[in-house]
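[1] Structure, please.
(2 chains)
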2 protein chains.
Amino acid sequence: MGSDRAPAPEVAGALRAVREQDVDVTLVGNATQLEAELAREGDDRRRIAVVHASEVVTMHDHPGQAFRQKPDSSMRIAVDLVARGEGEAVVSAGNSGAMLATSIFVLGRLPNVERPAIVTELPTPSGPLVLCDAGANVEPKPSQLAQFGVLGAAYDRIVHDRSPRLGLLANGSEPGKGTQLTRDAHALLTAAAAKSPFQFVGYVEGSDLFRGVVDVIATDGFTGNVVLKTCEGIAEGLFGLVRQELDKTALARLGSALVAPALRGLAKRIDYTEIGGALLAGVTKPVVIAHGRSDATAIASAIRAAAQFAARALPDKLASALAALA
Amino acid sequence: MGSDRAPAPEVAGALRAVREQDVDVTLVGNATQLEAELAREGDDRRRIAVVHASEVVTMHDHPGQAFRQKPDSSMRIAVDLVARGEGEAVVSAGNSGAMLATSIFVLGRLPNVERPAIVTELPTPSGPLVLCDAGANVEPKPSQLAQFGVLGAAYDRIVHDRSPRLGLLANGSEPGKGTQLTRDAHALLTAAAAKSPFQFVGYVEGSDLFRGVVDVIATDGFTGNVVLKTCEGIAEGLFGLVRQELDKTALARLGSALVAPALRGLAKRIDYTEIGGALLAGVTKPVVIAHGRSDATAIASAIRAAAQFAARALPDKLASALAALA
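    This is a model prediction of the structure:
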């Protein structure tokens, strides 16, 4: 019930997922609305279940209060199902702060995890760039920021099968740059790298994000959120500028028509709806947080990611990676 | 003597500036090198002067130490010239921290300015977006962050003749979002806007930067630097992705050849060398900080910006804007 146009994208996305992926989906929410939406889609129901929830967490609910004051929310019941083993992973496009709080309270943190954090991916010419934290913790302590790097690197190793190069986002590459927070985290990551299967390359700058010099970026949730949304915004803005330029001459307009299919392919590559959801790393089960603006494609992508995280037992492997450092 | 390939870009840029603009330029640095470079360019010298400096501040010098330990540096002598009224504005592509420290010590802060900050501009489909602070103050206090917004808005009003809409960069649009720093600055800017000729629209997110919803963004120097360099990086990265897509089919390659001139025009619009330098706002004279990677075009642009800031008496007008709030 969480996306901006819920529950239509959730229902359509779930139907697409069960058709295209080897997955069963339980839809949790207002059963009347969900059944009406399923009937409208007119699809077969063999791998779709519906569980009723009488309440909905909105974007206006305070994260902690949503958890306490709406015990029968779709969000809470979905997480409860996974806690009881009746689901292997959970996806929500709703209030991400509330999803974070609910997941931490109900599922619990992995051993050694100080603060669960959001791991997401950015497409770059040299492959996906993993970023952690993408917005869960806006004012972390140095030990927490360092752990975001460790979680991101472990995720990268497991999901992309890489030997990750980890960078700490800062305003310059020299170790004296940054804030007290980043300087302290830099020291902690330097020490952690000695006994970890990742390489810590030190500070990286915003201009390095798309240059293929690192696989994983550690940052606080404030900066991570701003960077991700800036990328989203500039991608839109640049396509706007490209369209302005390509409309200026007849030759450019002709060329533009010829390159349009390729540019649509590109738009798809950088489209958040194709990327799907972000992982809440550090809790005991796979929790995928999807964009509030998700459409059916985005929901199906988020379900695919959640199923993969469950199949790979990602939480257990993240716990092992942290235990090696403890 | 400050750019990565100094003094060639500085000399060529100065010559271009005196040819194309109504401006006189004094080059400060190693006179032998500067004269040799001028001789090589073989241009007339009517509006170019050379002042010798025996020392150079490098990128490795600590900002404060550079000021104290290199009293005969080109940076120091250039700023001294302006302090004595023998120049109206100063441009440097060197160590920006040292330029900041030198400018503050030698020229002094404007009345009511707590911390001078860097104002820069980003091209967007709806016009230039002014951003302050672009990197001078990585851990400002709330009053300083609020002042970066006031300085940016005053700059926008004077330079672009707009009635600026000012936003405070954060990880969400609701006033409860952000950090303690941004929440306190939000309250200060709300109060300041009541007696200022700018509109404070509250928090804006990274995705809003290119949507034309604000003219000016206030942020701390850490986040500002990361955002600017991310934009630089993603612009490069997106063009890389565009090139990959446009090389995939014969039709796309043909179209690509036709759109190439338009895309080159676009690359020029978002090229930092065309944008030139950033203003160090809050000191008593116009100080323009150019990119270390500046070429002659970038230096000429920075000189043009410096001359315009001087012609418009920008520091005096920024002081008036701040006095109205004091």
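
[2] Grab the most central residue of chain A for me.
    In chain A, the residue lying closest to the centroid (Cα atoms, centre = their mean) is A:Ala278, at 1.1 Å.

[3] so it touches A:Ala117, yeah?
    No: between A:Ala278 and A:Ala117 there is no contact under Cβ atoms under 8 Å: 9.9 Å. Using the backbone N, CA and C atoms, a C-beta is placed for each residue, glycine as well.

[4] re earlier: and the residue nearest to the centre of chain A, what are its phi and psi?
    Here is the backbone geometry of A:Ala278 (degrees, to the nearest 10): phi -110, psi 150.

[5] Any figure for the gap between it and chain B?
    A:Ala278 sits 14 Å away from chain B, going by Cβ to the nearest Cβ, to the nearest Å.

[6] Is the closest residue to that residue other than its chain neighbours in a helix, a strand, or coil?
    Spatial nearest neighbour of A:Ala278, chain neighbours left out: A:Thr120 (3.9 Å); criterion: Cβ to Cβ, 6 or more residues apart in numbering or on different chains. The local conformation at A:Thr120, judged by DSSP: H, G, I helix; E, B strand; the rest coil, is strand.

[7] I'd like to know how many residues surround the closest residue to A:Val287 other than its chain neighbours.
    Leaving aside its sequence neighbours, A:Val287 sits nearest to A:Leu280 (Cβ to Cβ, 6+ apart; 4.0 Å). By the criterion of other Cβ atoms under 10 Å in any protein chain shown, A:Leu280 has 26 neighbours.

[8] A:Leu27 now?
    Using other Cβ under 10 Å, A:Leu27 has 26 other residues around it.

[9] just checking, it touches A:Val51?
    Yes: A:Leu27 lies in contact with A:Val51 (Cβ under 8 Å); the separation is 7.3 Å.

[10] Which residues does stretch A:290-310 contact?
    Stretch A:290-310 is contacted by residues A:2-5, A:8-10, A:12-14, A:16-17, A:20-23, A:25, A:59, A:88-94, A:159, A:272-279, A:285-286, A:288, A:315 when judged by Cβ atoms under 8 Å, 6 or more residues apart in numbering or on different chains.

[11] can we see that at 6 Å?
    By Cβ atoms under 6 Å, 6 or more residues apart in numbering or on different chains, the list of residues contacting stretch A:290-310 from outside reads A:3-4, A:9-10, A:12-13, A:16-17, A:21, A:23, A:88-89, A:91, A:93, A:272-273, A:276-277, A:286, A:288.

[12] Only the buried subset of the residues you listed, as a ChimeraX command please.
    Listed next is the ChimeraX selection for buried residues among these, using 16 or more other Cβ atoms under 10 Å in any protein chain shown:
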select /A:3,9,10,12,13,16,17,23,88,89,91,93,272,273,276,277,286,288
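
[13] thinking again about what came up before, partner residues bridging the residue nearest to the centre of chain A?
    Beta-bridge partners of A:Ala278, counted by DSSP bridges, are A:Ile289.

[14] ok, which stretches of chain A are strands?
    Under the criterion DSSP state E, chain A contains strands at A:25-29, A:48-52, A:90-92, A:117-124, A:127-132, A:165-169, A:199-204, A:216-218, A:278-281, A:287-289.

[15] average model confidence for the third one?
    Predicted confidence along strand A:90-92 averages 98 (mean pLDDT).

[16] chain center to it: distance?
    11 Å (Cα atoms, centre = their mean, to the nearest Å).

[17] residue contacts, A:Ser96?
    Counting by Cβ under 6 Å, 6+ apart, A:Ser96 has contacts A:Ile289.

[18] Contact residues of the stretch 1-150 of chain A facing chain B?
    The interface of the stretch 1-150 of chain A toward chain B, taken as Cβ under 6 Å from any Cβ of the partner chain, is made up of A:124-125, A:135, A:138-139.

[19] and the gap between A:Ala306 and chain B?
    Distance from A:Ala306 to chain B, by Cβ to the nearest Cβ: 24 Å.

[20] what do you get for A:His291?
    Taking Cβ to the nearest Cβ as the measure, A:His291 falls 11 Å from chain B.

[21] Next one: that residue, what pLDDT does it get?
    Listed pLDDT for A:His291 reads 87.

[22] what's the neighbour count on it?
    With neighbours defined by other Cβ under 10 Å, the count for A:His291 comes to 20.

[23] Skipping its backbone neighbours, what lies nearest A:Leu168 in space?
    A:Ala218 (5.1 Å).

[24] Low-confidence bits of the stretch 1-150 of chain A, can you list those?
    Residues of the stretch 1-150 of chain A meeting the criterion pLDDT under 70: A:43.

[25] Looking at it, what residue ends up closest to chain B?
    For the stretch 1-150 of chain A and chain B, the shortest gap (Cβ to the nearest Cβ) falls at A:Pro125, measuring 4.0 Å.

[26] Tell me if I'm right that A:Gly108 and A:Thr284 touch.
    Yes: applying Cβ atoms under 6 Å as the test, A:Gly108 and A:Thr284 come out as touching, 5.3 Å apart.

[27] Which of these two has more residues huddled nearby?
    A:Thr284 (21 against 15).

[28] Which parts of chain A belong to which domain?
    As assigned by automatic domain parsing, chain A contains the domains A:1-113+A:282-326, A:122-272.

[29] Of those domains, which is nearest B:Ala98?
    domain A:122-272 (13.4 Å; Cβ to Cβ).

[30] For the closest one, what is the distance to the chain centroid?
    On the basis of Cα atoms, centre = their mean, domain A:122-272 sits 13 Å off its chain's mean C-alpha point.

[31] do stretch A:121-141 as well
    Mean-position distance between stretch A:121-141 and its chain equals 9 Å (Cα atoms, centre = their mean).

[32] do the same with stretch A:318-326
    Remark: stretch A:318-326 is offset 21 Å from the chain centroid, using Cα atoms, centre = their mean.

[33] Quick one: mean pLDDT for that stretch?
    On average, the pLDDT along stretch A:318-326 is 87.

[34] Tell me, how many residues neighbour A:Thr32?
    Neighbours of A:Thr32 (other Cβ under 10 Å): 10.

[35] Return the distance of it relative to A:His52.
    Applying Cβ to Cβ, to the nearest Å, the value for A:Thr32 to A:His52 is 8 Å.

[36] can you give me the helices in the stretch 101-250 of chain A?
    For the stretch 101-250 of chain A, applying DSSP state H, counting those that start in this stretch gives helices covering A:142-160, A:180-193, A:221-246, A:250-269.
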